[in-house]
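> sequence first, predicted coordinates after that:
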Amino acid sequence: MEISSLGKIRLLKDHTCDVVFSCKQDQCHKDTDRLWCGIRLMIGLVWLALFLPDPGWSQTEATSKIIRYREREVSSHYYETYEVKPRPYPVFVRGGIPQREAITLSPIAEKVRRRKYLADSHWGLKFYERLTCIRCHPRQARNLHKRRAKITCRQCHGPEPIAGLKHYYSKMNPRRRHAFVCAKCHEGANRSFASYVNHEPNPAAMSTRQSFPLLFYVFWMMAAIAVGTFAAFLPHAFMWGLREFLPDTYMSGLKKHFVKRRKQDDQD
Amino acid sequence: MTRIKRFTQAQRVFHLLLMLSFLTQATTGLARLYIETNWGRFLASLFGGYNKTLTIHWWVGLFMLALLGIHVLYVLIRIDWRRFPKSVYGPDSLLPRKEDLGQALQHVGWLLGIRQLPRFDRWGYWEKLDYLAVFWGICVLGGTGLILYNPVFSSRYMPGWVLNVLLWVHRIEAVLAIIHVSTIHFFIGHLRRHNFPMDLVMFEGSIDLEKVRHERPAWVERLEQNGNLHGTLAGSTSIALRVVYYVFGFSVIGCFIYLLINGLANITRLFG
């Protein structure tokens, strides 16, 4: 039975069908055809896996990874209508965390990293009710929002239970932080704006080279310019001031002394 | 006392406006930076609180950028286009020349007592550096300041974390400018022996001819050879006006020294 110009179905003895593709030379063997079909199928699947977007990505606001901070991507504020649910994983099990973030960490660091994915990031902490945020996060308390606008931790991170930053439904999740947190004060905040690092690392610290390399290198470049300027011009100004107090006769006497001593050294 | 004209009225006005606007920016900027300290809050209270300080910082910053634009226009108008490009590389120009490098090295030699004092023309190498540094400073501070002025708008065209980097560039460049003006510029301009207690040339526009003969002999010789010396002679300023200049000048220097000392004194509280 012919099904198209490319091939026909052949009824086999065991009551199954087989598709035989026609070749120009009409000398193709059945096993070779199967092999090529399989290869084509595999190539197609690999191509799909590599180049087609993840079904979840396709439904996020940002349509481009490169140009994701254009005006058209300013938040619509209607998230629930089309937001993609997370893939099912038990939140307390390591398997739910991307492997690249869950490896090569010390046991304590891994514990902290895993907490970023919890619905209650402080779950299980002893005497948690009696602790303040600053007690465990002293460095996080030093940021421009707190220092200049007196914004408290809870105004951004919300009430208890405080979800981990990377928990899917957390309002601090980078996916919706701009709409649920930043836009409360910064009207029109977009996803790019929310990538501002509020809890900025110390730009001079070596650890910043890993976490925020551009900040680290720009800081040290600017520091080098400043230090270089002062290293060159402060001694210059000081010497100038000193030199104007010394009469030329003294300086010429000093010069003669040095010349004389050099001659003596040469003779010796 | 014979005096010779060194700065035009427009140049003096530019310097005055730059001085006042930079002082305002330094004060409001340090008030913001040190707002956690008592000193920072005191500075901010002079301008009516933190928010008003911020508003003044923005507007004066825009004024400085406009001043830079007007100055560039002024320079373009003042260029002798008939003799261009020779005119912009002449001894009256503030652009660096080959001779400046030689004079700088010779001057360092003089500071060390091993060379003669170089025969400076109208502008010394340190004055050219000071002048061009203002362009660099305003471009860096103004550029970063403009981007930080409206971060929501800026983040449409760049990632938000770039603002973290630009804020540090703004801070370090501003601190560099404040310290440079408070120490190097004031010391060389006013506090060294030959200018002590204050060099009023930028206020008066003219300078004593004998002093110029000593400090910038090449300039006077050039004017004499060209027969232009007589045309550049200027009258002396009245004593009352000189008193005003002294009071004003010392006030500005005092303000910068005050900012510098308190900035350094409170630096531990800033990071504490």
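All right, it came through fine.

> any low-confidence regions in chain A?
Along chain A, segments meeting pLDDT under 70 span A:1-30, A:53-114, A:248-259, A:268.

> what segments of it are strands?
For chain A, strands defined by DSSP state E occupy the ranges A:7-11, A:17-21.

> just for the stretch 51-200 of chain B, where's the confidence low?
Low-confidence segments of the stretch 51-200 of chain B (pLDDT under 70): none present.

> tell me which parts of it are close to chain A?
B:108, B:110-114, B:151-152, B:155-165, B:168-169, B:172-173, B:175-176, B:179-180, B:183-184, B:187-188, B:191-194 (C-beta under 8 Å from any C-beta of the partner chain). All C-beta spots, glycine's among them, are computed from the backbone N, C-alpha and C.

> how about a cut-off of 6 Å?
B:111, B:113-114, B:152, B:155-156, B:159-161, B:163-165, B:168-169, B:172, B:176, B:184, B:187-188, B:192-194 (C-beta under 6 Å from any C-beta of the partner chain).

> from those residues, which land in strands?
Going by DSSP E, the strands hold none of these.

> could you turn the buried ones of these into a PyMOL selection?
Applying 16 or more other C-beta atoms under 10 Å in any protein chain shown to those, the buried members can be selected in PyMOL as follows:
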select buried, chain B and resi 111+113+152+155+156+159+160+161+163+164+165+168+169+172+176+184+187+188+192
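
> next step: the residues of the stretch 51-200 of chain B next to chain A restricted to helices.
B:111, B:152, B:161, B:163-165, B:168-169, B:172, B:176 (DSSP state H).

> check those residues and tell me the two furthest apart.
B:Leu111 and B:Val152 (51.5 Å; C-beta to C-beta).

> what about B:Asn51, neighbour count?
12 (other C-beta atoms under 10 Å in any protein chain shown).

> how about it, secondary structure?
helix (DSSP: H, G, I helix; E, B strand; the rest coil).

> pull the number of nearby residues for residue 244.
By default, I'm working from chain A. Neighbour count for A:Glu244, taken as other C-beta under 10 Å: 14.

> try chain B instead
13.

> quick one: it and B:Thr8, what's the gap?
Applying C-beta to C-beta, to the nearest Å, the value for B:Val244 to B:Thr8 is 20 Å.

> determine how far stretch B:37-51 lies from the middle of the whole chain.
26 Å (C-alpha atoms, centre = their mean, to the nearest Å).

> in it, what's buried?
B:37, B:39-40, B:43-44, B:47, B:50.

> what's the farthest-apart pair in those residues?
B:Thr37 and B:Phe47 (16.0 Å).

> number of nearby residues for B:Leu146?
B:Leu146: 15 surrounding residues under other C-beta under 10 Å.

> quick one: which helix or strand includes it?
Following DSSP states H and E, one finds B:Leu146 within helix B:125-149.

> please apply the same query to B:Trp219.
Counting by DSSP H and E, B:Trp219 is found in helix B:217-226.

> so which bits of the helix ranked longest in chain A are buried?
If you go by DSSP H, chain A has its longest helix at helix A:213-243. By 16+ other C-beta under 10 Å, the buried positions in helix A:213-243 come out as A:215-216, A:218-219, A:222, A:226, A:229-230, A:233, A:236-237, A:240-241, A:243.

> same for chain B: which of these are within range?
Near chain B, by the rule C-beta under 6 Å from any C-beta, you find A:215, A:218-219, A:222, A:226, A:233, A:237, A:240-241, A:243 out of the buried residues of helix A:213-243.

> among these, which one lies nearest to A:Glu129?
Nearest to A:Glu129 among those, with distances taken as C-beta to C-beta, is A:Leu215, at 36.2 Å.

> returning to what we had before: now the buried residues of helix A:213-243 as CSV including distance to A:Lys171?
As requested, the buried residues of helix A:213-243 are arranged in CSV below (distance: C-beta to C-beta, whole Å):
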residue, distance to A:Lys171
A:Leu215, 26
A:Phe216, 30
A:Val218, 31
A:Phe219, 31
A:Met222, 35
A:Ala226, 40
A:Thr229, 45
A:Phe230, 46
A:Phe233, 51
A:His236, 56
A:Ala237, 55
A:Trp240, 60
A:Gly241, 60
A:Arg243, 65
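
> can you pull the residues of the stretch 101-250 of chain A lying near chain B?
A:147-148, A:186, A:188-189, A:192-193, A:195-197, A:200, A:203, A:214-215, A:218-219, A:222, A:226, A:233, A:237, A:239-241, A:243-245.

> how about B:His71: what's its closest non-neighbour residue?
Nearest residue to B:His71 in three dimensions, chain neighbours excluded: B:Phe14, at 5.7 Å (C-beta to C-beta, 6 or more residues apart in numbering or on different chains).

> tell me which element that neighbour falls in.
helix B:9-33.

> phi, psi for the residue of chain B most remote from its centre please.
Distance to the chain centre peaks in chain B at B:Arg156, reaching 34.7 Å (criterion: C-alpha atoms, centre = their mean). For B:Arg156, the backbone dihedrals (degrees, to the nearest 10) come out as phi -70, psi -20.
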